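*Asks:* Build the 3D model from these lines:
(chains A and B)
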There are 2 protein chains.
Amino acid sequence: MSQPLKFYFDFLNQSSRALYILLEASKIPFEAIPISMLKGEHLTGEFRDNVNRFRKLPAIIDHGYQLSENVAIFRHLAREKLVPEHWYPRRHLGRSRIDEYLAWQQTNMGVATTEYFQQKWLVPYLQKTRPADNAVNLAGKQLEHTLNEFEQLFLNSRKFMMGDNISYADLSAICEIDQPKSIGYNAFQNRNKLARWYETVREELGPHYKEVLGEFEAKLKGTGSGQQQRAVKQ
Amino acid sequence: MSQPLKFYFDFLNQSSRALYILLEASKIPFEAIPISMLKGEHLTGEFRDNVNRFRKLPAIIDHGYQLSENVAIFRHLAREKLVPEHWYPRRHLGRSRIDEYLAWQQTNMGVATTEYFQQKWLVPYLQKTRPADNAVNLAGKQLEHTLNEFEQLFLNSRKFMMGDNISYADLSAICEIDQPKSIGYNAFQNRNKLARWYETVREELGPHYKEVLGEFEAKLKGTGSGQQQRAVKQ
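*Replies:* Modelled structure (predicted):
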């Protein structure tokens, strides 16, 4: 028996959710190892020395090989495992287009959703204070801008970003959008195209997605009502 | 005869230099189309509609297919053209390690070098003012931090980042470091490992690199002495 891939994650993190869903949907055997960012478990020297020298989530260890970064792990899986073709299609230069989106996401969408989540939820949670209105408003404006760009640059009249089939671009993007959405942000106001695309992707992903989103939202609620010690169920 | 790749670039931009050198060193036929960022040529509606919907550099058009983003263009070339294996090696999971570095670069090194370049050179040039000391100092501190991380996380006792052979990680990184270096920043103080690696990469890249770096530095000087209308020589 070959050693299963070790996957270190926290469902509070959007890339952790996207890769977890990809692993499940692709039926890649993996050992799920939840790490609590709120407890700083990813910041310890032990995590740095034995799991990930960047002290970041998500991370994998594949037969002793440590790897970090959402896009790098995604491409590693596409090369080394049996990931169904539609997630990263070769046809019509689909891989180039997905790479372009993932690079854009890293410096645009990902920055905006993370900043909003931090200002509205994470900083107040860690510091036991109310969110700072100014900082939330500023992050909200940035998020407005990035969602408008996303709709204009990447969505069209087709079902999914790359055409008739769902790809990792859709999966990665929906997990980004859930970051603000799950803490009350209305991403769909005046964005009909985004709303239609979101619904289509949600339906297509089915139970794998619903389960992971449910765990994420339970963590948000659990921590809110003082149950932050609760372990993630696997 | 097949249509050559169209490559849109400005040597003031580090990713433009890295991809230009890769194209030359790989002997991929391409049409070099310089675009002046200082004149805002990449911001026009014509550029957006006919070249690149993101209005960003570098950009390519490959048989009518428009593509943006350094990492996406790099991977497109690796898939669709004859790029020598050492730039993106399959052996020992080299591609996964290079992907990891390029993702790190995008949110760390690239942000720090760009910010320093903007505060020290670009903003003063465009606004015809002196650099703002506070902003330059802040950007310098961020750059210190990112160069220390780069040295600790990615350099080791081997010649290049991935071992005995130069890869796109080295090429991309040296072009990042030239961004502050060429406007007077001393990247090597107390960083012997970085200095040794830089020298090794510079020697290995040879004339392709020297020519492009020379063009970049001539642009910096040319604009400084009022010759900003000078076209880039091809």
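*Asks:* show me the contacts for A:Ala135.
*Replies:* A:119, A:123 (C-beta atoms under 8 Å, 6 or more residues apart in numbering or on different chains). In short, each C-beta sits where N, CA and C put it, glycine included.
*Asks:* er, A:Asp170 actually
*Replies:* Shown in contact with A:Asp170 (C-beta under 8 Å, 6+ apart): A:160-162, A:197, A:201, A:204.
*Asks:* residues from chain A in reach of chain B?
*Replies:* A:53-54, A:65, A:67-72, A:75-76, A:79-80, A:93, A:95-97, A:99-100, A:102-104, A:106-107, A:153 (C-beta under 8 Å from any C-beta of the partner chain).
*Asks:* and these, which are buried?
*Replies:* For these, a burial check counting by 16 or more other C-beta atoms under 10 Å in any protein chain shown picks out A:54, A:67-72, A:75-76, A:80, A:93, A:95-97, A:99-100, A:102-104, A:106.
*Asks:* circling back: Produce a PyMOL select command limited to the buried residues of the contacts of A:Asp170.
*Replies:* To isolate the buried ones among the contacts of A:Asp170 in PyMOL, judged by 16+ other C-beta under 10 Å, type:
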select buried, chain A and resi 160+161+162+197+201
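*Asks:* Sort out which one of the contacts of A:Asp170 lies nearest A:Lys221 for me.
*Replies:* The closest of those to A:Lys221 turns out to be A:Val201 (C-beta to C-beta; 23.6 Å).
*Asks:* and the closest one, what is it in contact with?
*Replies:* So A:Val201 contacts A:160, A:166, A:170-171, A:173-174 (C-beta under 8 Å, 6+ apart).
*Asks:* So for the helix or strand hosting it, what gets flagged as buried?
*Replies:* Using DSSP states H and E, the element containing A:Val201 is helix A:192-224. For helix A:192-224, the neighbour count (16+ other C-beta under 10 Å) marks A:194, A:197-198, A:200-201, A:205, A:208-209, A:212-213, A:215-216, A:219-220, A:223 as buried.
*Asks:* Also stretch A:114-131?
*Replies:* By neighbour count with 16+ other C-beta under 10 Å, stretch A:114-131 contains the buried residues A:114-122, A:125, A:131.
*Asks:* Next, the distance between the ends of stretch A:118-138.
*Replies:* 12 Å (C-alpha to C-alpha, to the nearest Å).
*Asks:* And that stretch, how far out from the chain middle?
*Replies:* A distance of 21 Å separates the centroid of the chain from that of stretch A:118-138, by C-alpha atoms, centre = their mean, to the nearest Å.
*Asks:* what does stretch A:181-191 give?
*Replies:* 17 Å.
*Asks:* Stretch A:159-168 too?
*Replies:* Computed by C-alpha atoms, centre = their mean, the chain-centroid distance of stretch A:159-168 equals 17 Å.
*Asks:* next one: stretch A:98-117
*Replies:* Centre-to-centre, stretch A:98-117 and its host chain are 10 Å apart (C-alpha atoms, centre = their mean).
*Asks:* Strands along chain A, start to end?
*Replies:* For chain A, the strands defined by DSSP state E cover A:5-9, A:30-34, A:59-62, A:65-68.
*Asks:* can you put these in JSON lines and add mean pLDDT and distance to B:Phe30?
*Replies:* Shown next, in JSON lines, are the strands of chain A (pLDDT from 0 to 100; distance: least, C-beta to C-beta, whole Å):
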{"stretch": "strand A:5-9", "mean pLDDT": "98", "distance to B:Phe30": "39"}
{"stretch": "strand A:30-34", "mean pLDDT": "97", "distance to B:Phe30": "41"}
{"stretch": "strand A:59-62", "mean pLDDT": "98", "distance to B:Phe30": "36"}
{"stretch": "strand A:65-68", "mean pLDDT": "96", "distance to B:Phe30": "32"}
